[in-house]
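A.B. asks: When you get a sec, could you give me coordinates for this:
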Amino acid sequence: MDAVYIPKSSANNFSKAGQVFALATMARKKSRWFPDRPTIFEAVELSEDAQWLFDFHNSVEDLGRVMILPPGVSKPRLTYLQAAVKEVLHNPQLIAEGERAERIIEYLDPESTLKNAQKVVAQVTPEQKARIKALLSREK
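C.D. replies: Numbers count the residues shown, from 1 in each chain. Next up is the predicted model:
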């Protein structure tokens, strides 16, 4: 037996193809694709370090696909591009096609995206950074 972590949408595709079996969702919230599977927090007792690491990983994963522009883009251009992306990602036909293809579109506004990115990057203390490195480098 072997185990691997893969993102939820990929796990759904591999599971449908019979290539993997989902054991648990590696987050506090159940996956939309595996509602009958427990979360890792429900499945096993986790140390405080492990809980923190899963929460941190999910904060990174929750960033999703972030669109980044080069420095110096004018405010009017930025506003225009943000409005265009919002309009496209709220298009009912695109959302329906995404649902059919199981490529879920979840729009997050620029302010919320910035807040999430700052939470992941800027608000991690030096002690937490050291903790991440230590947790990830532990030998099995």
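A.B. asks: Leaving out chain neighbours, which residue sits closest to the spatially most central residue of the chain?
C.D. replies: Nearest to the geometric centre of the chain sits E61, at 2.4 Å (Cα atoms, centre = their mean). Counting by Cβ to Cβ, 6 or more residues apart in numbering, the nearest residue to E61 once its immediate chain neighbours are dropped is P7, at 7.1 Å. Heads up, the C-betas are built off the backbone N, CA and C, glycines and all.
A.B. asks: what do you get for V73?
C.D. replies: According to Cβ to Cβ, 6+ apart, the nearest residue to V73 is L81 (7.8 Å).
A.B. asks: how about the CA coordinates for the helix or strand that contains that neighbour, as PDB?
C.D. replies: Assigned by DSSP states H and E, L81 belongs to helix 75-89. Once non-C-alpha atoms are left out, helix 75-89 reads as follows in PDB (Å, rounded to 0.1, in the frame of the first residue of the first chain):
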ATOM      1  CA  LYS A  75      -4.700  52.100 -11.600                       C
ATOM      2  CA  PRO A  76      -7.200  52.500 -14.500                       C
ATOM      3  CA  ARG A  77      -5.700  49.500 -16.300                       C
ATOM      4  CA  LEU A  78      -5.700  47.400 -13.100                       C
ATOM      5  CA  THR A  79      -9.300  48.400 -12.400                       C
ATOM      6  CA  TYR A  80     -10.300  47.500 -16.000                       C
ATOM      7  CA  LEU A  81      -8.600  44.100 -15.800                       C
ATOM      8  CA  GLN A  82     -10.000  43.200 -12.400                       C
ATOM      9  CA  ALA A  83     -13.600  44.000 -13.700                       C
ATOM     10  CA  ALA A  84     -13.000  41.900 -16.800                       C
ATOM     11  CA  VAL A  85     -11.800  38.900 -14.800                       C
ATOM     12  CA  LYS A  86     -14.700  39.300 -12.400                       C
ATOM     13  CA  GLU A  87     -17.200  39.500 -15.300                       C
ATOM     14  CA  VAL A  88     -15.800  36.400 -17.100                       C
ATOM     15  CA  LEU A  89     -15.600  34.300 -13.900                       C
END
